[in-house]
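[1] Structure for this input, please:
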Amino acid sequence: MKHNRAPILIEEWKGDDIATFQEDLLTKVKARVSEKWFYTYFKNEANKLPRIDMLNLLSDYVGFKDWNTFKASHIKDVKKKKTINTKILYGTVLISIIITSLIFINSTKNEFHFCFVDHAKNAPITKIPLDIKILQDNESPLYFKTDSLGCFTYQSKNDYIKLVVQSPYHKTDTIIRFIDSNSNKIIKLLPDDYALMLRYYTNGNIKDWKKHKEQLNNLIADDAQIYQIFENNIGIELFSKSDFIRLITIPTSTLKRIEILDRKTINGKIVKLKFIVK
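    Residues are numbered from 1 along each chain as shown. Next up, the predicted model:
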């Protein structure tokens with residue numbers, strides 16, 4: 001959803017407006033200006049023009065080769081004055097026109113809203129928050145989590161979003177959506193059967209322990225590396241496949257306190273597993 005608003009005078013810009021300009025300038029012409037620089041030349045009455053390199057960058061930002069090209073294309077619309085002060089003022093006004101008429105449109109935001117659903121159950125994923133990683137061009141990722149309804153909202157000046165969704169019990173997925181896409185609202189995630197089975201087993205809810213052991217035997221590779229991590233990092237213990245299966249197929253109080261920390265699968269088999277007993 002786009003939220004458009006009419007351009008305002010540059011003297012009335014607030015912190016968010018200045019930050020939007022700084023971000024867009026960096027994206028388009030790989031230049032950065034400080035907030036102090038902005039106040040010096042745009043929020044106050046400057047007594048001199050910015051350096052020629054900055055004038056060239058601002059001109060490039062709005063589609064002109066350089067400052068001279070920009071002046072040549074606009075000089076016919078401005079009355080020439082005789083004093084140096086009015087020429088300085090003229091240059092400052094031109095820059096203000098650039099920013100106000102052509103740059104500020106980038107402060108409009110597109111709102112992306114997604115709700116995540118388990119593909120198998122066709123139900124919202126609400127029991128655990130999902131990890132959301134927003135991928136940005138030439139910038140570090142941004143990290144968020146879904147809310148109690150299994151949803152996530154993000155605003156951006158871009159008309160598309162690229163995100164990676166991670167869950168302990170669902171397969172990691174990389175998603176790209178455009179603002180006008182009909183599939184913006186609902187995203188279905190495939191369950192990670194291996195993680196779900198381990199979670200199910202470690203909760204001690206299986207009555208048929210023999211079948212339980214057979215399934216685990218097929219799930220875990222014979223040469224799997226299985227580690228118990230002790231709390232406070234006081235050490236680790238290496239388990240064989242048979243020892244680990246024995247541990248999680250005996251309905252003791254320990255079983256209910258097992259939490260899987262990490263796992264790695266190859267060709268449908270768990271080859272590495274880390275767990276802790278809380």
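
[2] Residue 160: what's it in contact with?
    Residue 160 makes contact with 176-179, according to C-beta atoms under 8 Å, 6 or more residues apart in numbering. Every C-beta, even on glycine, is put in place using the N, C-alpha and C of the backbone.

[3] Give the phi and psi angles for it, as a check.
    Note on residue 160: backbone dihedrals following degrees, to the nearest 10 are phi -140, psi 160.

[4] And it, how close does it get to residue 114?
    Counting by C-beta to C-beta, to the nearest Å, the gap from residue 160 to residue 114 is 13 Å.

[5] do residue 122 as well
    From residue 122 to residue 114 the distance is 16 Å (C-beta to C-beta).

[6] same thing with residue 159?
    For residue 159, the distance to residue 114 - C-beta to C-beta - is 16 Å.

[7] for residue 27, same thing?
    For residue 27, the distance to residue 114 equals 24 Å [C-beta to C-beta].

[8] more neighbours, these two?
    Between residue 27 and residue 114, counted using other C-beta atoms under 10 Å, residue 114 has the larger neighbour count: 22 against 17.

[9] for the more buried one, phi and psi?
    Backbone torsions for residue 114, taken as degrees, to the nearest 10, come to phi -130, psi 150.

[10] Same question for residue 59.
    Residue torsions, per degrees, to the nearest 10, at residue 59 are phi -70, psi -40.

[11] Quick check: nearest residue in space to it, chain neighbours excluded?
    In this structure, residue 59 finds its nearest non-sequential neighbour in residue 70, 4.1 Å apart by C-beta to C-beta, 6 or more residues apart in numbering.

[12] which stretches of the stretch 51-200 of the chain form strands?
    Taking DSSP state E, counting those that start in this stretch, the strands of the stretch 51-200 of the chain run over residues 109-118, 123-124, 131-136, 139-145, 151-156, 160-167, 170-178, 186-189.

[13] Now tabulate those strands in JSON lines and tack on distance to residue 36.
    Converted to JSON lines, the strands of the stretch 51-200 of the chain look like this (distance: least, C-beta to C-beta, whole Å):
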{"stretch": "strand 109-118", "distance to residue 36": "26"}
{"stretch": "strand 123-124", "distance to residue 36": "47"}
{"stretch": "strand 131-136", "distance to residue 36": "26"}
{"stretch": "strand 139-145", "distance to residue 36": "23"}
{"stretch": "strand 151-156", "distance to residue 36": "27"}
{"stretch": "strand 160-167", "distance to residue 36": "32"}
{"stretch": "strand 170-178", "distance to residue 36": "37"}
{"stretch": "strand 186-189", "distance to residue 36": "43"}
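
[14] looking at those strands, which is closest to residue 232?
    For these, proximity to residue 232 was assessed by C-beta to C-beta; strand 131-136 is nearest, at 25.0 Å.

[15] partners of the closest one in the sheet?
    Strand pairing for strand 131-136, determined by DSSP bridges: strand 139-145 (antiparallel), strand 160-167 (antiparallel).

[16] buried set for it?
    Neighbour counts over strand 131-136 (16 or more other C-beta atoms under 10 Å) mark 132, 134 as buried.

[17] Check the offset of that strand from the chain's centre.
    In terms of C-alpha atoms, centre = their mean, to the nearest Å, the centre of strand 131-136 is found 3 Å from the chain centre.

[18] taking the mean pLDDT, what do you get for that strand?
    Averaged over strand 131-136, pLDDT sits at 92.

[19] Give me the contact list for it.
    Identification of contacts with strand 131-136 by C-beta under 8 Å, 6+ apart yields 141-146, 152, 154, 161-167.

[20] Now with 10 Å, please.
    Residues from elsewhere that reach strand 131-136 (C-beta atoms under 10 Å, 6 or more residues apart in numbering): 27, 112, 114, 116, 140-146, 152, 154, 156, 158, 161-168, 172, 174-176.

[21] Would you mind putting the contacts of residue 160 into CSV with neighbour count, pLDDT and distance to residue 275 alongside?
    Shown next, in CSV, are those (neighbours: other C-beta atoms under 10 Å; pLDDT from 0 to 100; distance: C-beta to C-beta, whole Å):
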residue, neighbour count, pLDDT, distance to residue 275
176, 10, 89, 34
177, 17, 88, 36
178, 13, 85, 41
179, 15, 79, 42
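
[22] Of those residues, which is the nearest to residue 269?
    residue 176 (30.9 Å).

[23] OK, contacts around the closest one?
    By C-beta under 10 Å, 6+ apart, the contact set of residue 176 is 135, 160-163.
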